[in-house]
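Chemist: show me how the following folds:
(2 chains)
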Amino acid sequence: MATARVTANTTAQTLFAVPRHAKGRLTALVVDNQGAAPRTVRLQDVFTPSPSAGNASPTQQTVERLQVTVGAGLTAVLQETELRDVEFLGEARAVASAVDPATVIICAYNLQ
Amino acid sequence: MISQLSPLLAKAAVLLDPRDLLLRKGAWVRFSDGWPDPHGWAKGKVFVVSNEPLVVPFQASFILPGNDSKDVDLSNAAGGLKLYPTTAGVLYQIAVGFKPGNYLVHIFIPRDRHIFALGESTMFPNVSDPILKYLGAKTPADSPFGSPLLFFYAIKDQPAIVLRLVVDAGVDFEKVTIGFQVNKLRLQEIPVPTAEQRERALLIQWPEEMTGF
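Modeler: Residues are numbered from 1 along each chain as shown, chains lettered A, B, ... in the order given. You can find the predicted model right below:
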């Protein structure tokens, strides 16, 4: 198991990159919002599909896998049972509703 | 010198004789009479494997959208994965396993000939048909990544083995990961095989012999 930590930012912050022959699965997600306002955090999966019968020239995709809104001074904790069907195929990124170093996003994950 | 057994044996050995899964030195192989003349060195002949398994692992992954498909050619053709031998007298036994996911795998040899069809004229795999796309389709459970149960056999210049990966509807995207264990085998012809050798040898048929009934 590995972990990644970023702080809230409106620019996508990379949590982890999934290797070519694996999928990434979250085993825990913590959003600790010690800032002065509620924050919304979205987890994105960024990848470029392979050429297929339906699309010979695919372009980069950004798929939203999860969204959490946390009130000021609160902490949201999602455990593995709530996250077990959330898969990442490419790069996992976190985007927040505001830039705030007081809002910390930590995830635990494994690569299968 | 390298001698290696496939990792798949660690799981399979409890229930199966490993020799049933991976050809080893001393194993007998017979090519049917159906092989055409360009493969004359093999056609109708019986061989003995002359080397211990030399297993080359390889992986390939593809991210595909739901309700879409992709053909993966295992041959040495342009755009293929190039898993075929390049000299006569060599056989590659290719074990194929699939990581879990929401997808199906159809098998074609060559690209326009489906192997797993039924006799009735309309019962052939068709990825654009909501019912027939499940006909003859393998799933990851049929050959798990860590203990593959699906084997292909390839000699130089034989028709392309094509895996048509089909991501089922209902998922946005799926990553299809295929694990290959290529067992490289040198073959030594048995000029006058005994009846037992012919009977017990692993029979490798020309693709057309596996269809049409």
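
Chemist: can you check which strand is longest in chain B?
Modeler: Using DSSP state E, we find that the single longest strand of chain B is strand B:173-189.

Chemist: what helices or strands is it leaning on?
Modeler: With contacts defined as 3 or more Cβ pairs under 8 Å, 6 or more residues apart in numbering or on different chains; DSSP states H and E, the packing partners of strand B:173-189 are strand B:46-49, strand B:54-65, strand B:90-98, strand B:162-167. C-beta here means a position set from N, CA and C on the backbone, and glycine is covered the same way.

Chemist: residue A:103 is nearest to which of the ones you listed?
Modeler: strand B:54-65 (30.9 Å; Cβ to Cβ).

Chemist: quick one: strands adjacent to the closest one?
Modeler: On the basis of DSSP bridges, the sheet neighbours of strand B:54-65 come out as strand B:173-189 (antiparallel).

Chemist: roughly how far is the partner strand from the heart of the chain?
Modeler: Computed by Cα atoms, centre = their mean, to the nearest Å, the separation of strand B:173-189 from the middle of its chain amounts to 7 Å.

Chemist: ditto for stretch B:180-191
Modeler: Worked out by Cα atoms, centre = their mean, stretch B:180-191 lies 14 Å from the chain centre.

Chemist: what helix or strand does the residue at minimal distance from the centre of chain A sit in?
Modeler: In chain A, the centroid-proximal residue (Cα atoms, centre = their mean) is residue A:43; its distance is 3.0 Å. Assessed by DSSP states H and E, residue A:43 sits inside strand A:39-47.

Chemist: quick check: neighbours of that strand in the sheet, parallel or antiparallel?
Modeler: Assessed with DSSP bridges, strand A:39-47 is paired to strand A:61-70 (antiparallel), strand A:91-96 (antiparallel).

Chemist: how about the ones you listed, which one is nearest residue A:34?
Modeler: strand A:61-70 (10.0 Å).

Chemist: tell me the mean pLDDT for the closest one?
Modeler: Averaged over strand A:61-70, pLDDT sits at 98.

Chemist: let's see that strand as CSV, backbone CA atoms only.
Modeler: What follows is strand A:61-70, C-alpha atoms only, in CSV (Å, rounded to 0.1, in the frame of the first residue of the first chain):
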residue,chain,number,x,y,z
GLN,A,61,-9.7,11.9,-21.2
THR,A,62,-10.5,13.3,-17.8
VAL,A,63,-13.0,11.3,-15.9
GLU,A,64,-14.3,12.3,-12.5
ARG,A,65,-14.3,9.3,-10.2
LEU,A,66,-15.3,10.9,-6.9
GLN,A,67,-16.5,14.2,-5.3
VAL,A,68,-16.5,15.1,-1.6
THR,A,69,-17.7,18.3,0.1
VAL,A,70,-16.3,19.0,3.6
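
Chemist: buried set for that strand?
Modeler: By neighbour count on 16 or more other Cβ atoms under 10 Å in any protein chain shown, the buried set for strand A:61-70 is A:61, A:65, A:66, A:68, A:70.

Chemist: check contacts around the first one.
Modeler: The reference is to residue A:61. A:45, A:46, A:47, A:48, A:49, A:90, B:173 (Cβ atoms under 8 Å, 6 or more residues apart in numbering or on different chains).

Chemist: so how do I select the buried members of these in PyMOL?
Modeler: Remark: buried members of those, expressed as a PyMOL selection using 16+ other Cβ under 10 Å:
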select buried, (chain A and resi 45+46+47+49+90) or (chain B and resi 173)
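
Chemist: of the contacts of residue A:61, closest to residue B:159?
Modeler: residue A:49 (28.5 Å).

Chemist: shouldn't the closest one be in contact with residue B:173?
Modeler: Yes: applying Cβ atoms under 8 Å, one finds residue A:49 in contact with residue B:173, separated by 6.3 Å.

Chemist: okay, and the beta partners of the spatially most central residue of chain B?
Modeler: With distances taken as Cα atoms, centre = their mean, residue B:152 lies nearest the centre of chain B, 1.8 Å away. Beta-bridge pairing of residue B:152 under DSSP bridges involves residue B:94.

Chemist: who's in contact with it?
Modeler: If you count contacts by Cβ under 8 Å, 6+ apart, then residue B:152 has B:74, B:93, B:94, B:96, B:161 around it.

Chemist: how about residue A:60?
Modeler: Here residue A:60 is in contact with A:46, A:47, A:48 (Cβ under 8 Å, 6+ apart).
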